[in-house]
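need a 3D model of the following:
(chains A, B, C and D)
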2 protein chains.
Amino acid sequence: MTSLKRIEREPLWDLAHAQLRDALLAGRFAPGTVLTLRSLAETFGTSITPVRDAVTRLVAQGVLQQGPRNAAIVPHLTRNELNDLTVVRCALEGRAAREAAKKPQAASLERLQALLAKMQSLIAARSLESYLEHHRKFHFEIYAMSGVPILVETIENMWLRCGPVLSFVIPEYVVLLKGWDHHTAALKAIIAGDGEAAEREIVADITEAAQYLSGLADAGGQLRRPMPEAAAS
Amino acid sequence: MTSLKRIEREPLWDLAHAQLRDALLAGRFAPGTVLTLRSLAETFGTSITPVRDAVTRLVAQGVLQQGPRNAAIVPHLTRNELNDLTVVRCALEGRAAREAAKKPQAASLERLQALLAKMQSLIAARSLESYLEHHRKFHFEIYAMSGVPILVETIENMWLRCGPVLSFVIPEYVVLLKGWDHHTAALKAIIAGDGEAAEREIVADITEAAQYLSGLADAGGQLRRPMPEAAAS
DNA sequence: TTTTGTTGTTTGTTATAACAAACATGGTCG
DNA sequence: CGACCATGTTTGTTATAACAAACAACAAAA
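As a prediction, this is how the structure comes out:
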């Protein structure tokens, strides 16, 4: 007989939370959308109780804003808020990269090399969605190497707050602006044990991406998804 | 007739959340305590639904840990976790102090001066509880001056995670170790617009407090409240 | 004495119903 | 035509009950 696996039933609110989280990170909800408990419950096929738990959790994490009447809305990100997030991200992720360079681990470095190669091939293939996925893994592989779980957790929170606009980057940005890749340089610095350089490269990477996104803001400061081709009506 | 005030009914889960939050910050829950929904509901005089919301929110913020069977427990803080928190706090609060020094505001500076005076009188009076309250206000007055709400919010989260051990400091520590007060120096640096110095002083303040708390750890690395007088059995 | 099975209790999870506030709708009166 | 009010609908909030998994206590068997 095959070895039996552990039986575990995850709670419904956990599944709902994970689905909402991923949808936010993938940018599947337009900023400003109000998420009503009953409609979400219907799409999930559950009662409103588990979705209420999931939404409460997301609001507590700052991923969803609570609008009037405590309704959960997908946050509009303004240019100012993006700048604020960039300040925090630079402080946290720069520090994580510096710590990672102090204690490099062979297994992680190998994974980073592999991810880097994969990312470059995905850039060539203009496969943006898959690129973003691997890009995320690359960054967090570094942060995990810092060995500071609370730091990683907090950084994850910041990424979730950027979630709705993370998918606003277009393939051309990835190809064009990154003439000299900060990812490659950061990894090289970590291998060399140079914490200062690693921090500098990560900060530069974050800052440049933020500057690109900042350029997408309209007159009111709201960040908007760029039109893929010709302008709409 | 006097001017009537706006009527607003805050949700029960909000009140429960605030009460639990304050109790955690004041150290009124011993680390390791399991908070059961029904017992909390009984003490609050409500059903378990609002309590569940409040606890869910606290767990999502990382203030409460979720133990086996998703029970909410007041986290034990180990020396390692305290060190991790210190790393994050230095990165965030140091940055906030630096930003604050870049844009000092007269009103805030006045409040800081007043808080500093009050703190010194409270030290002389050995009034620890009140001192901690003003100490908290002093720090967050600085961080608010940075003008980066997300930064303040994240710092607040870190303080909440330290909550259960924040009250472990004893009056003697406040009096003894702070021969030259980092708070005074930090405020002076901010007034002078010297961001580097402000960051340095805040980081030193955090680090020294963490070192003191780290000394309270037992052989297992668990932080414990020091006995006020003679040692217990 | 140790182990195993049973039973009762505790506790988080989920569904459901009742409630109140806010919003939208439409009709009436000026 | 426009302002105002009544009404129905939507939606978050709260209480309650039923459920299942985990734990504790105790009894029975090896």
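
what does stretch A:50-62 contact?
Residues from elsewhere that reach stretch A:50-62, judged by Cβ atoms under 8 Å, 6 or more residues apart in numbering or on different chains: A:11-17, A:20-21, A:24, A:35, A:37, A:40-41, A:44, A:64-66, A:72, A:157, A:160-161, B:52-53, B:56-61, B:150, B:153. All C-beta spots, glycine's among them, are computed from the backbone N, C-alpha and C.

Provide a PyMOL selection command restricted to the buried entries of the residues you listed.
Burial among the contacts of stretch A:50-62 is assessed by 16 or more other Cβ atoms under 10 Å in any protein chain shown; the matching PyMOL selection reads:
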select buried, (chain A and resi 12+13+16+17+20+21+24+35+37+40+41+44+64+65+72+157+160+161) or (chain B and resi 52+53+56+57+58+59+60+61+150)
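
near DNA strand C too, which of the contacts of stretch A:50-62?
Near DNA strand C, taking Cβ under 7 Å from any atom of the strand as the test, the members of the contacts of stretch A:50-62 found are A:11-13, B:52.

cross the residues you listed against helices and list the overlap.
A:12-13, B:52 (DSSP state H).

surely A:L64 and A:A71 touch.
No - using Cβ atoms under 8 Å, A:L64 is not in contact with A:A71; the gap is 9.6 Å.

which pLDDT value belongs to A:S127?
Predicted confidence (pLDDT) for A:S127: 84.

the one 4 residues further on too?
According to the per-residue confidence, A:Y131 scores 88 in pLDDT.

which residues does it contact?
Contacts of A:Y131 (Cβ under 8 Å, 6+ apart): A:119, A:122-123, A:171, A:174.

stretch A:171-178 - what's its average pLDDT?
Averaging pLDDT along stretch A:171-178 gives 68.

local confidence estimate at A:L223?
Note on A:L223: pLDDT of 85.

hang on, I meant A:D53
Note on A:D53: pLDDT of 97.

DNA strand C contacts on chain A?
So chain A meets DNA strand C at A:11-13, A:46-50, A:53, A:68-69 (Cβ under 7 Å from any atom of the strand).

state the pair within those residues that is farthest apart.
The largest separation in the residues of chain A next to DNA strand C, counting by Cβ to Cβ, is between A:P11 and A:P68 at 29.6 Å.

which ones are touching the residue nearest in space to the middle of chain A?
Relative to the mean C-alpha position of chain A, the nearest C-alpha, by Cα atoms, centre = their mean, is the one of A:W159, at 3.8 Å. Counting by Cβ under 8 Å, 6+ apart, A:W159 touches A:25, A:136, A:166.

now the last one: how far from chain B?
A:L166 sits at a distance of 16 Å from chain B (criterion: Cβ to the nearest Cβ, to the nearest Å).

repeat that for the first one.
Counting by Cβ to the nearest Cβ, the gap from A:L25 to chain B is 16 Å.

that residue - how many residues pack around it?
19 (other Cβ atoms under 10 Å in any protein chain shown).

retrieve the pLDDT associated with it.
84.

just the CA trace of stretch A:117-126, in CSV.
Taking Å, rounded to 0.1, in the frame of the first residue of the first chain, the C-alpha atoms of stretch A:117-126 are listed here in CSV:
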residue,chain,number,x,y,z
ALA,A,117,18.1,32.7,-16.4
LYS,A,118,14.4,32.0,-16.5
MET,A,119,13.5,35.6,-16.2
GLN,A,120,15.8,36.6,-19.1
SER,A,121,14.2,34.0,-21.3
LEU,A,122,10.8,35.2,-20.4
ILE,A,123,11.7,38.7,-21.2
ALA,A,124,12.8,37.6,-24.6
ALA,A,125,9.5,35.8,-25.1
ARG,A,126,7.6,38.9,-24.0
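
touching chain B at all, the helix or strand containing A:R89?
A:R89 belongs to helix A:79-102 when elements are defined using DSSP states H and E. Yes - contact of helix A:79-102 with chain B (Cβ under 8 Å from any Cβ of the partner chain) involves A:81, A:84-85, A:87-88, A:91-92, A:94-95, A:99.

list buried residues within those.
A:81, A:84-85, A:87-88, A:91-92, A:94-95, A:99.

could you verify my assumption that A:R126 touches A:I170?
No - contact criterion Cβ under 8 Å: A:R126 and A:I170 do not qualify, at 9.9 Å.

which one's more surrounded, the two?
A:I170 (17 against 12).

distance of that one from A:T207?
19 Å (Cβ to Cβ, to the nearest Å).

now swap in A:D53 and tell me
Counting by Cβ to Cβ - A:D53 and A:T207 are separated by 37 Å.

now swap in A:E42 and tell me
In terms of Cβ to Cβ, A:E42 sits 42 Å off from A:T207.

where does chain A dip in pLDDT?
A:1-8, A:175-180, A:227-233 (pLDDT under 70).

need the contact list for A:P75.
A:P75 touches A:31, A:63-65, A:161, A:164, counting by Cβ under 8 Å, 6+ apart.

quick check on A:G32: phi, psi?
Dihedral pair for A:G32: phi 100, psi -10, per degrees, to the nearest 10.

my bad, should have said A:D218
The phi/psi pair for A:D218 (degrees, to the nearest 10) is phi -90, psi -170.

for it, list the residues it contacts.
By Cβ under 8 Å, 6+ apart, A:D218 lies in contact with A:R224.

re earlier: quick check, nearest of the ones in helices among the ones next to DNA strand C among the contacts of stretch A:50-62 to DNA strand D?
Nearest to DNA strand D, judged by Cβ to the nearest atom of the strand, of those is B:R52 at 8.4 Å.

can you tell me which of the contacts of A:P75 are up against chain B?
A:R161.

and of the contacts of A:P75, the nearest to DNA strand C?
Once Cβ to the nearest atom of the strand is applied, the member of the contacts of A:P75 that ends up nearest DNA strand C is A:Q65, at 15.4 Å.

phi, psi of the closest residue in space to that closest one that isn't next to it in sequence?
Leaving aside its chain neighbours, A:Q65 sits nearest to A:P75 (4.4 Å; criterion: Cβ to Cβ, 6 or more residues apart in numbering or on different chains). Torsion angles at A:P75 (phi, psi; degrees, to the nearest 10) stand at phi -70, psi 140.

how close does A:P75 get to B:I123?
Applying Cβ to Cβ to A:P75 and B:I123 gives a distance of 42 Å.

again, but for A:L40
With Cβ to Cβ as the criterion, A:L40 and B:I123 are 52 Å apart.

who in chain A is up against DNA strand D?
A:9, A:34-39, A:48-49, A:52, A:69-72.

tabulate those residues (JSON lines), appending secondary structure.
Supplementary listing: the residues of chain A next to DNA strand D in JSON lines, determined by DSSP: H, G, I helix; E, B strand; the rest coil:
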{"residue": "A:R9", "secondary structure": "coil"}
{"residue": "A:V34", "secondary structure": "strand"}
{"residue": "A:L35", "secondary structure": "strand"}
{"residue": "A:T36", "secondary structure": "coil"}
{"residue": "A:L37", "secondary structure": "helix"}
{"residue": "A:R38", "secondary structure": "helix"}
{"residue": "A:S39", "secondary structure": "helix"}
{"residue": "A:I48", "secondary structure": "helix"}
{"residue": "A:T49", "secondary structure": "helix"}
{"residue": "A:R52", "secondary structure": "helix"}
{"residue": "A:R69", "secondary structure": "helix"}
{"residue": "A:N70", "secondary structure": "helix"}
{"residue": "A:A71", "secondary structure": "coil"}
{"residue": "A:A72", "secondary structure": "strand"}
